[in-house]
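J.: sharing a sequence plus its predicted fold:
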Amino acid sequence: MKRTLRHALAVVLLCATSLCLARPGPGDLPPDYLGHDANGHEVHVSALHGKVVIVTFWASWCGYCRKELPVLAALQKLKGTADLQVVGVDHDDDLDTFRQLRRRWKDLDVMLTYDAGDGRIAKPYGVNGIPHMVMIGRDGRIADVYVGYGEDMLDSILARVDELLAEPVPAAPVAAVPAAAP
């Protein structure tokens, strides 16, 4: 009896732990809040309805992130902002470092936002390593999640972006998962 009870308790704890560690994936609605842009305006996934949105979580000390951001900026420049929006969320730098980077990268064709170091934006996305990229389709749902960065991923990322851009714009936006804004 005790053994059965212990096994049942272990299963319950394992299930509870996996629920806590769950991250949104393909087909799920993304958390809505993405931080503030360079002008201090709040950025929300729901406000970008009809666009393909690439959200990438990064930090200044991350070498792979520093390689990924210029590639995403080139993609943004190539595809334009009418149908695609790249949002780079700095979630592991202090505010002064972020502001310096944003000034230095002012010509980077990526919307940069800040996570205030508390993970308010990254945690609901299930970020536990960077770079962490989430592609959101025109329908407002998560299409793909990429963790890490390598040049061998570029072809599949570009192909996936083209697939998502080829999809029709839905008439009505889906409701994004609310997230606590500051």
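T.: Great, that's in hand. Numbers count the residues shown, from 1 in each chain.

J.: which SS class is the residue nearest to Cys62 when sequence neighbours are not counted?
T.: In space, and not counting its chain neighbours, Cys62 is closest to Ile130: 5.2 Å by C-beta to C-beta, 6 or more residues apart in numbering. Heads up, the C-betas are built off the backbone N, CA and C, glycines and all. Per DSSP: H, G, I helix; E, B strand; the rest coil, the local secondary structure of Ile130 is coil.

J.: from the structure, what's the count of residues near Ile130?
T.: 23 (other C-beta atoms under 10 Å).

J.: does it touch Trp61 like I think?
T.: No: Ile130 is beyond contact range of Trp61, at 9.5 Å (criterion: C-beta atoms under 8 Å).

J.: so what sits against both of the two?
T.: Taking C-beta atoms under 8 Å, 6 or more residues apart in numbering as the contact rule, Ile130 and Trp61 both touch Asp92.

J.: tell me the centre residue of the chain?
T.: Central residue of the chain (C-alpha atoms, centre = their mean): Val55, 3.3 Å from the mean position.

J.: same for the host helix or strand of that residue, what does it pack against?
T.: Using DSSP states H and E, Val55 sits in strand 52-58. Strand 52-58 sits against helix 63-79, strand 84-90, strand 132-136, helix 154-166, with contacts defined as 3 or more C-beta pairs under 8 Å, 6 or more residues apart in numbering; DSSP states H and E.

J.: Gly25: which of the ones you listed is closest?
T.: Gly25 lies closest to strand 132-136 among those, at 9.3 Å (C-beta to C-beta).

J.: need phi/psi at Ala59.
T.: Main-chain torsions, Ala59, degrees, to the nearest 10: phi -150, psi 160.

J.: which stretch among the helices and strands packed on strand 52-58 comes nearest Val145?
T.: Proximity to Val145 (C-beta to C-beta) singles out strand 132-136 among those, at 5.4 Å.

J.: residue ranges with poor pLDDT in this structure?
T.: Applying pLDDT under 70 to the chain flags residues 1-22, 117, 172-182.

J.: one more pass at 90, please.
T.: Applying pLDDT under 90 to the chain flags the ranges 1-23, 25, 36-41, 60, 66, 91-109, 114-119, 150-152, 154, 169-182.

J.: for the nearest residue in space to Ile157 that is not next to it in sequence, which residues are in contact?
T.: Computed as C-beta to C-beta, 6+ apart, the closest residue to Ile157 that is not its neighbour in sequence is Tyr146, at 6.8 Å. For Tyr146, the contacting residues are 131-135, 153, 157, by C-beta under 8 Å, 6+ apart.

J.: please identify the helix or strand for Tyr146.
T.: Going by DSSP H and E, Tyr146 is in strand 142-147.
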